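> could you look at this predicted model? Sequence included:
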Amino acid sequence: MKKILKSVIVSTFALLLATGSALAVANFFNGFEVDTDGWFTDGTNIVRVASGSNGVTSADGDFHAEVDAGAFTRWGGYESAFPTNGYVTQVDIYLDMSENTVLATDKRFDFSSAINDPAGSHRRDFIFSVGTDPLVTGQFAMSASNNAPGWPSNPGRDPFFVDTSGWYTFRHTFQDDGSGVLEVVMDVLDGTETVLHTWTLSDPTDVIGTTVGGNRYGWFVTSDFGFLAIDNSEKYEVVLNPVTKDDCKDGGWEAYGFSNQGLCIQYVNTGKDSR
């Protein structure tokens, strides 16, 4: 029954995500030091708290946020066009191993970063499913798929396990697979920014510019936890940098976002970025 109710909640809240719009920006960041701007709720899903609240030290700075199912961000605004070099979305989430001290504890959450089609409508979700490992105490399991609710320790989804409480970064990299098809590289990193595990999801029908557009939401689709501590929510477009002067010649400077060849060569020579 619990899983059925979750499905109803997901379908209902998806209607809320589909409404409203905001002026899109290339880059978005909120570390919750000042406010929770850019995050949206049904009125009860997110609160900004001081470092140390509920025993959690902020990942950075003096504040972070606490969320439950339903909290979402539009990453600064929905987009219909895929950026030239792709884009990245990420958020830090605190995993507390004390949530799993009794064997068979099965508490889960799903976090999605979704993409639009070129008309600005929802195309597809890319979801981290994370939760306590019911088979081993003091451990969390996680996996990646396009569906929620998910099964964190699904053996068919290359599950990964962690046994240390702390902040983990859940990162989505949306990029061209080299043939014009979207691939999404989903990484989990530890507090030292070391990549611990990677999943890559791709569907041949997700053709950039034809069926795939720009970013949609980041969304805590489901959660069995009283709250999840989050920090450093971010979206940024990937910027490629020239390595040699030849990279800047014959119009190459345009691909790197410079307004002329001279500024591109200046970057190669000095590292000064005047884009």
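Yep, it's here.

> any idea whether Thr36 is helix, strand or coil?
Following DSSP: H, G, I helix; E, B strand; the rest coil, we place Thr36 in the coil state.

> now for it: which residues touch it?
30, 46-48, 65 (C-beta atoms under 8 Å, 6 or more residues apart in numbering). The C-beta positions use only the backbone N, C-alpha and C, and glycine is treated the same way.

> for stretch 192-207, buried residues please.
By neighbour count on 16 or more other C-beta atoms under 10 Å, the buried set for stretch 192-207 is 197, 199, 201, 206.

> next: stretch 139-151.
139-145, 148-151.

> also stretch 162-177?
Buried, per 16+ other C-beta under 10 Å, within stretch 162-177: 162, 165-176.

> equivalent analysis for stretch 94-113, please.
94-97, 99-100, 107-113.

> just to revisit the earlier point, among the buried residues of stretch 139-151, which pair sits farthest apart?
Gln139 and Ala148 (21.5 Å; C-beta to C-beta).

> sorry, back to before: in a markdown table, list the buried residues of stretch 192-207 along with pLDDT and secondary structure.
As requested, the buried residues of stretch 192-207 are arranged in a markdown table below (pLDDT from 0 to 100; DSSP: H, G, I helix; E, B strand; the rest coil):
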| residue | pLDDT | secondary structure |
| --- | --- | --- |
| His197 | 98 | strand |
| Trp199 | 98 | strand |
| Leu201 | 98 | strand |
| Asp206 | 98 | strand |
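
> about what we covered before: who wins on neighbours among the contacts of Thr36?
Among the contacts of Thr36, the one with the most neighbours (other C-beta atoms under 10 Å) is Ala65, at 25 neighbours.

> tell me the secondary structure at that one.
Quick answer, by three-state DSSP: Ala65 is strand.

> all helices for the stretch 1-150 of the chain, in order.
Assigned helices in the stretch 1-150 of the chain, in chain order: 2-18 (criterion: DSSP state H, counting those that start in this stretch).

> low-confidence regions, it specifically.
For the stretch 1-150 of the chain, applying pLDDT under 70 flags the ranges 1-23, 42-43.

> helix/strand/coil for Glu234?
Applying three-state DSSP to Glu234 yields a three-state assignment of strand.

> what about it, how many neighbours?
Neighbours of Glu234 using other C-beta under 10 Å come to 20.

> how close does the closest residue to it other than its chain neighbours get to Asp163?
Nearest-residue entry for Glu234: Phe29, 4.7 Å, with adjacent residues in sequence omitted and distances by C-beta to C-beta, 6 or more residues apart in numbering. Per C-beta to C-beta, to the nearest Å, Phe29 is found 30 Å from Asp163.

> repeat that for Thr200.
25 Å.

> ok, now Val184?
From Val184 to Asp163 the distance is 27 Å (C-beta to C-beta).

> same deal with Asp187?
Taken as C-beta to C-beta, the span from Asp187 to Asp163 is 19 Å.

> so what's Gln261 up against?
By C-beta under 8 Å, 6+ apart, the neighbours of Gln261 are 248-249, 253.

> can you rerun that using 6 Å?
By C-beta atoms under 6 Å, 6 or more residues apart in numbering, the contact set of Gln261 is 248, 253.
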